[in-house]
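Engineer: Quick one, what's the 3D model for this:
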Amino acid sequence: MAELGLVTRNVSESLGDERKWIHYGLTSTDVVDTAQALRLRQANNVIKADLAAYKDVLATLARKYKHTVMMGRPEMRHIWSLENQYQSWLDVEIAVTAGWVAEGHVPAEDLAAIRANAKFDVDRIAEIEETTRHDMVADHQKKALQLNKILHETRNPGLRVF
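Structural biologist: Numbering: from 1, shown residues only. Next up, the predicted model:
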């Protein structure tokens, strides 16, 4: 705003009797706000044109790659392609369960039963996902609390976290 005052003063000094009409009936803020609105309108036109161009590029890429197999990302973690990869998913689940058996968290008989009977039931996808998600969230929360406790006790030896 100081610049506007300098410009007004400079212009007024170069005028004769007309100087009383410069800046008459408005404030410096009126001028600044109007100029800002005009700049924003110009910027908006540039941005709209760029977005339209990006939209066209993205639409072209979407059409080009619409049949490309993609990695699924449930809960921000990647899994194998969703295209006919259920058996791979089941193999991973069995491997994870085997790890839990080795750590003593899951009885070995349960792993044997899973290996013998595990088949992917397409009609039960929603039920399986909900159960698995619930179990995974509970397991992650438990591990996060354990890690948090270890970190706090390591950084602050005198502080106990319960």
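Engineer: Burial check on His105, number of neighbours?
Structural biologist: Under the neighbour criterion other CB atoms under 10 Å, His105 is assigned a count of 10. Every residue, glycine included, has its C-beta placed from N, CA and C.
Engineer: and the gap between it and Leu90?
Structural biologist: In this view, His105 and Leu90 are 19 Å apart by CB to CB, to the nearest Å.
Engineer: Repeat that for Asn44.
Structural biologist: 52 Å.
Engineer: of the two, who's got more company?
Structural biologist: A side-by-side neighbour count of Asn44 and Leu90, using other CB under 10 Å, places Leu90 first with 14 against 10.
Engineer: and the longest helix along the chain, what does it pack onto?
Structural biologist: The longest helix of the chain (DSSP state H) is helix 28-64. Contacts of helix 28-64 with other secondary structure elements, assessed using 3 or more CB pairs under 8 Å, 6 or more residues apart in numbering; DSSP states H and E, are made with helix 2-13.
Engineer: average pLDDT across the helix it packs on?
Structural biologist: Summarised as a single mean, pLDDT over helix 2-13 is 75.
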